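In: With the input below, show me the fold.
(one chain, ligands or ions: 1)
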Amino acid sequence: MDRLPSAMAASLNGIIRYNAPVVRVERQSTGFRVDYREGAAVRRTEAARVVFAVPASTMRQIDMKPRLSRVKEQAIEQLSYYDGVRFLMPVLASAENGLHFAGEHTSIWTGWMEGALESGERTAREVLNATGRPWPEQTGPTR
Ligand SMILES: Cc1cc2nc3c(=O)[nH]c(=O)nc-3n(C[C@H](O)[C@H](O)[C@H](O)COP(=O)(O)OP(=O)(O)OC[C@H]3O[C@@H](n4cnc5c(N)ncnc54)[C@H](O)[C@@H]3O)c2cc1C
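Out: So this is what the prediction gives:
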């Protein structure tokens, strides 16, 4: 059942870290510091941008420095009480200064695989637009 994501992961040359929950994201002058747990250790990595593709309930457990906007925090909080509330979607999906938000709860297809895929594509476009790079289908035979 996971052959599709496994095949996609294999093409990323081992950059994915498994069993490494993110615990903290801190804005720095040139990007972000991301802390994650690996066993008993807390390790860090640096990133120019961060895409969150975790459930909303998990978002609340990640220590954000600085905090997300008040309206985003409230939407995440509300989602945990009222599952699948579509009017929250635009707030949940909107990027905030180098932070991007994916996952089924950020899509009109809340609760479905379609939502995960749609939000992933939307977020990829956001990052490419922000970094001035074309969508891969525009580059021709590399697709
Ligand atoms: C039993 C069941 C059956 C389903 N059947 C269907 C179906 O038939 N059709 C359908 O369309 N949908 C179905 N769904 C819904 C579908 O699985 C979800 O909509 C979809 O998986 C959501 O994808 P996502 O990427 O948004 O979130 P998820 O798949 O939940 O992915 C979130 C990821 O974030 C990771 N994560 C969590 N916390 C952290 C952290 N702190 N740091 C880093 N990573 C973290 C998790 O390990 C996970 O890999 C089903 C769901 C369930 C539970």
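In: tell me the strands in this structure, going along the chain?
Out: 22-28, 31-38, 41-47, 50-52, 63-65, 99-101 (DSSP state E).
In: Which one, of those strands, ends up nearest to the ligand?
Out: strand 22-28 (3.7 Å; C-beta to the nearest ligand atom). Every C-beta, even on glycine, is put in place using the N, C-alpha and C of the backbone.
In: helices or strands next to that closest one in the packing?
Out: On a contact count with 3 or more C-beta pairs under 8 Å, 6 or more residues apart in numbering; DSSP states H and E, strand 22-28 meets strand 31-38, strand 63-65.
In: which parts of the shortest one are buried?
Out: It stands for strand 63-65. Going by neighbour count (16 or more other C-beta atoms under 10 Å), the buried part of strand 63-65 is M64.
In: Give me whichever of the strands of the chain is most buried.
Out: The highest mean neighbour count among the strands of the chain, using mean count of other C-beta atoms under 10 Å, belongs to strand 99-101: a mean of 22.
In: got the residues of the protein near the ligand?
Out: Residues of the chain lying near the ligand by C-beta under 6 Å from any ligand atom: 21-22, 53-55, 58, 62, 103-104, 111-116.
In: make it 8 Å
Out: Counting by C-beta under 8 Å from any ligand atom, the residues of the chain lying close to the ligand are 20-23, 36, 53-55, 58, 61-62, 102-106, 109-116, 119-120.
In: centroid residue for this protein?
Out: The chain has F52 as the residue nearest its centroid, 2.0 Å off, counting by C-alpha atoms, centre = their mean.
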